[in-house]
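Engineer: what's the 3D shape of this:
(2 chains)
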Amino acid sequence: MLARLLLLLVLMTGAVQAATQALDFATFFERQPSKMLIIDPSSGQILAANPAAADFYGYTPEQLAQMQIQEINTLTPEQVEDERQRATEGGRDFFIFRHRLADGRIKTVSVHSAPYEFAEGQFLVSVIQDLSRERLSGEHLWYYHAQLEEQVDLQTQALTEAKERQKNMFILALAVQMLFILALVLGLFYLRKLSKEKEQLLVQVNAQNTELSHINQMMAHHFQEPVRRISSFVGQLETALEAGNQELKTTAMRFIHQQAAYLRALLQGMQRYLELDSLAFKSSPLDVEALVTHLLSELAKEKKVHWQVVGHPWPRVAFSERGLQEVLAILLENAQAYGQTPEGLQLQLTGQIRDGYFLLDLEDAGQGIPESYRDKVFEPVTRLVPVATHPGAGMGLALARKLIQAGGGQLTLVAAKHLGGACFRLELPLAKEEKPE
Amino acid sequence: MSKKDFRLLLIDDDEADAFLTRMALEEARFLLEVEVCQNGQEALERLQQGETPDLILLDLNMPRMSGFEFLQQMKQQDCFKPLPVVVLTTSSSSEDINRAYALGAVGFLTKPVDMNDFIQALRGLENYWLELVRLPQLAV
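Structural biologist: As a prediction, this is how the structure comes out:
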């Protein structure tokens, strides 16, 4: 290091005769216990560091000779300039800086600098004193020390705040972006929901259109027929009255009454069928077994009825009592009309739970309904026997199915298992308390 | 063919309609032998038994097997395919008319409300089927 410094000094002076002077300075520089740096003032390049400085900063002298003073001084060039001005204004011959050591620690130091000129060259010799270790007694030094630290702290705080602001901005931007994405996802879900609702509405509209078309067809057939027959028999009645034909008169009157009754039943059934579309059902926990038993007991007061209940106790269902009563009345009426045996009406009622529904099979011992008609019988104005045999408009089962469906259930015809007749299956939603948790 | 030999099968579920048609046929002095079946199933069974009619008057709206179902099943059997079927119904919808002809009906007659009109219509049928055209001779 000494040789390097010598060479440096010789080169800078450019004169061999100055070598003796340089050797004296180099020896002084190397042996000096104070921390010293030789710096190029124009670039800040550290040209040389003595062992005391190297020991203080934690670098080797060679490492320091590769560094610039700005790498050690933590102040910005503007802050350094401020400090220089303060030093000038205060008549100080030293500066107070904060220097960073090799291990990252920051030390507050006083720097005494003096320019030296050799021939055409000029460099700065700085003596550094560690103020952190040696408590300064002079109030003016502590004042500047405090000022400097305050500035550094302010700068650090500003930097931290800037970083915090940047971080907050980033988080905010991220949050906005996430909100945007969330809004997009929600929008997408909403669109899908709307699309599903639209599809459901279309299905409903199509179903209603089909039903309207069916009703229109029924109007063409089923409403015109009784009206035409009544008109025809009124004509026959007139003829009979004119001719005094008692037999024709009686026959005409019988058919007029029959057709009028059919027309009345048809109108009532159709009215009820259509009003079910706009009817709101109130479901409440309902004891089906009690309701069925009550209806059968009432029927048994007038008719010969035998029934057997299987699979009880039955659970409670969530259904409208009035609605279910109407359905059961239709099914029992149907059973009376078509399910009679010489021994009277025999019924078996079997209950079971499946997939959140209570399945009630109501089976009679009559002739039953062929499999090919099991769906057709639920269409409005469908009859499997002539009006003369069993009066009625053929609306009962269509009404019953629509009522059950309106309450979230289903009504179907299934194969009879016990008595061999017709077997209607009611699927009724279980009451909340009956559903397994 | 004389009127005496002419056999007509009326397929109609409704007692009142069957009564009115019979009465109109009598008034029209159409024929002597009229058989009535209450639905398509019964009519098919009757045909299978061997007594084939010369003309079938078919209602459309009937329980169990409808007029259309009867027509479809009857025309699927070669031995009954030539049998002329005239639809006699309340309907006047074009859908029903087209479907009936597509299934093999040879005529479509909407039942008139007025008995005299009904009688006139049946007389028209008589003129056509008994006087003008030759009917198929079925060997069953």
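Engineer: which residues of the chain score low on pLDDT?
Structural biologist: In the absence of a named chain, this looks at chain A. A:1-22, A:90, A:118-120, A:133-149, A:219-220, A:385-390, A:436-437 (pLDDT under 70).
Engineer: look at chain B instead
Structural biologist: Chain B contains residues with pLDDT under 70 at B:1-5, B:30-32, B:138-140.
Engineer: so how far is A:Phe94 from the residue nearest in space to the middle of it?
Structural biologist: When CA atoms, centre = their mean is applied to chain B, the residue found nearest the centroid is B:Leu57 (1.0 Å). Distance of B:Leu57 to A:Phe94, computed by CB to CB, to the nearest Å: 133 Å. For the C-beta atoms, the positions are set from N, CA and C on the backbone; glycine is no exception.
Engineer: Same check on A:Glu197?
Structural biologist: Counting by CB to CB - A:Glu197 and A:Phe94 are separated by 82 Å.
Engineer: So between the two, which is more surrounded?
Structural biologist: For A:Glu197 versus A:Phe94, neighbours defined as other CB atoms under 10 Å in any protein chain shown are more numerous around A:Phe94 (17 against 10).
Engineer: For the more buried one, which residues are in contact?
Structural biologist: If you count contacts by CB atoms under 8 Å, 6 or more residues apart in numbering or on different chains, A:Phe94 has them with A:87, A:110-113.
Engineer: and the gap between it and A:Ser113?
Structural biologist: Applying CB to CB, the value for A:Phe94 to A:Ser113 is 8 Å.
Engineer: ditto for A:Asp153
Structural biologist: Per CB to CB, A:Asp153 is found 25 Å from A:Ser113.
Engineer: more neighbours, these two?
Structural biologist: Per other CB under 10 Å, whichever of A:Asp153 and A:Ser113 has more neighbours is A:Ser113, with 16 against 11.
Engineer: Now do the phi/psi pair for that one.
Structural biologist: The phi and psi torsions at A:Ser113 (degrees, to the nearest 10) take the values phi -120, psi 140.
Engineer: In this structure it contacts A:Val125, no?
Structural biologist: Yes - using CB atoms under 8 Å, A:Ser113 makes contact with A:Val125 at a distance of 7.0 Å.
Engineer: which residues touch the nearest residue to A:Gln336 once chain neighbours are set aside?
Structural biologist: Excluding the flanking residues, the one nearest A:Gln336 by CB to CB, 6 or more residues apart in numbering or on different chains is A:Leu345, at 5.9 Å. A:Leu345 makes contact with A:299, A:303-306, A:335-336, A:339, A:364 under the criterion CB under 8 Å, 6+ apart.
Engineer: so which helix or strand takes in A:Leu345?
Structural biologist: Assigned by DSSP states H and E, A:Leu345 belongs to strand A:344-354.
Engineer: sorry, back to before: beta partners for the residue nearest to the centre of chain B?
Structural biologist: Under DSSP bridges, the beta-bridge partners of B:Leu57 are B:Leu10, B:Val86.
Engineer: so can I have JSON lines of the contacts of A:Phe94 showing distance to B:Gly104 and secondary structure?
Structural biologist: Listed next are the contacts of A:Phe94 as JSON lines, based on distance: CB to CB, whole Å; DSSP: H, G, I helix; E, B strand; the rest coil:
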{"residue": "A:Ala87", "distance to B:Gly104": "122", "secondary structure": "helix"}
{"residue": "A:Ser110", "distance to B:Gly104": "122", "secondary structure": "strand"}
{"residue": "A:Val111", "distance to B:Gly104": "120", "secondary structure": "strand"}
{"residue": "A:His112", "distance to B:Gly104": "126", "secondary structure": "strand"}
{"residue": "A:Ser113", "distance to B:Gly104": "123", "secondary structure": "strand"}
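Engineer: Let me see the backbone angles for A:Ala252.
Structural biologist: Phi and psi for A:Ala252, reported as degrees, to the nearest 10, are phi -60, psi -40.
Engineer: Could you pull up the residues touching it?
Structural biologist: A:Ala252 sits next to A:233-234, A:236-237, A:240 when contact means CB under 8 Å, 6+ apart.
Engineer: let's go with 7 Å and repeat that
Structural biologist: Contact analysis of A:Ala252 by CB atoms under 7 Å, 6 or more residues apart in numbering or on different chains lists A:233, A:236-237, A:240.
Engineer: Now flag whichever of those residues is closest to A:Arg401.
Structural biologist: Nearest to A:Arg401 among those: A:Phe233, at 33.8 Å, using CB to CB.
Engineer: So that closest one, which state does it fall into?
Structural biologist: When classified by DSSP: H, G, I helix; E, B strand; the rest coil, A:Phe233 comes out as helix.
Engineer: Go ahead and confirm it touches A:Arg254.
Structural biologist: No - the pair A:Phe233 / A:Arg254 is not scored as a contact, 8.8 Å apart, by CB atoms under 7 Å.
Engineer: now the strands: where do they sit in chain A?
Structural biologist: Along chain A, the stretches classed as strands by DSSP state E are A:35-39, A:46-49, A:94-100, A:106-118, A:121-130, A:284-287, A:305-310, A:316-319, A:340-341, A:344-354, A:357-364, A:410-414, A:423-429.
Engineer: Which helix in chain A has the most residues?
Structural biologist: helix A:139-218 (DSSP state H).
Engineer: packing partners for that helix?
Structural biologist: Applying 3 or more CB pairs under 7 Å, 6 or more residues apart in numbering or on different chains; DSSP states H and E, we find helix A:139-218 packed against strand A:94-100, strand A:106-118.
Engineer: could you say what helices and strands the last one packs with?
Structural biologist: This points to strand A:106-118. Applying 3+ CB pairs under 7 Å, 6+ apart, one finds that strand A:106-118 contacts helix A:2-13, strand A:94-100, strand A:121-130, helix A:139-218.
Engineer: most packed of these?
Structural biologist: Stretch with highest mean neighbour count among the helices and strands packed on strand A:106-118: strand A:94-100 (a mean of 20; mean count of other CB atoms under 10 Å in any protein chain shown).
Engineer: From the chain's centroid, how far away is it?
Structural biologist: When distances are taken as CA atoms, centre = their mean, to the nearest Å, strand A:94-100 is centred 59 Å away from the chain's centroid.
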